[in-house]
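Enquirer: Kindly return the folded structure for what I paste below:
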Amino acid sequence: VQLQASGGGLVQTGGSLRLSCATSGMTLDYYAIAWFRQAPGKERELVARISSGISGGTTYYEDFVKGRFTISRDNAKNTVYLQMNSLKVADTAVYYCAARRIYESTYNSWGQGTLVTVSS
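Expert: As a prediction, this is how the structure comes out:
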């Protein structure tokens, strides 16, 4: 199982970015995918997740991104996206995607991270 996150960059406050998590070596439909982030000096935190296709592909967002970020999956492309709108300086962090196989309790596979910097 491999995940590769991409799409980060520098954007001004209020701007948008779309992160991609390309997966390989796995059947995406059997995995829940989550986006986490880690800001400098802070602990890693969950941003959003989408359940496996088998489980219905339901989504969950932390309150601090609800209404601004959208997580989605394209099984044909083996890719999960995180559309980030109305970005704030506080969203500056390294963003990681992670995979959890259906019926497992932990995210065991992680991408390498992509840096998002939001300037004021």
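Enquirer: ok, now which ones touch the residue most central in space within the chain?
Expert: In the chain, the residue lying closest to the centroid (C-alpha atoms, centre = their mean) is W35, at 2.7 Å. By C-beta atoms under 8 Å, 6 or more residues apart in numbering, the contact set of W35 is 19, 21, 46-49, 71, 80, 82, 95-98. Where C-beta positions appear, they are placed from N, C-alpha and C, glycine not excepted.
Enquirer: what separates it from G7, distance-wise?
Expert: Per C-beta to C-beta, to the nearest Å, W35 is found 11 Å from G7.
Enquirer: Show me whatever sits in contact with both of these two.
Expert: L19.
Enquirer: so where's this protein uncertain?
Expert: The model of the chain has no residue with pLDDT under 70.
Enquirer: before we move on, back to that, could you list which of the contacts of W35 belong to helices?
Expert: Residues of those located in helices (DSSP state H): none.
Enquirer: Drop anything exposed from those.
Expert: For these, a burial check counting by 16 or more other C-beta atoms under 10 Å picks out 19, 21, 47-49, 71, 80, 82, 95-98.
Enquirer: want to throw these into JSON lines with distance to L28?
Expert: Shown next, in JSON lines, are the buried ones among the contacts of W35 (distance: C-beta to C-beta, whole Å):
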{"residue": "L19", "distance to L28": "16"}
{"residue": "C21", "distance to L28": "10"}
{"residue": "V47", "distance to L28": "19"}
{"residue": "A48", "distance to L28": "16"}
{"residue": "R49", "distance to L28": "14"}
{"residue": "I71", "distance to L28": "13"}
{"residue": "V80", "distance to L28": "8"}
{"residue": "L82", "distance to L28": "15"}
{"residue": "Y95", "distance to L28": "19"}
{"residue": "Y96", "distance to L28": "17"}
{"residue": "C97", "distance to L28": "12"}
{"residue": "A98", "distance to L28": "13"}
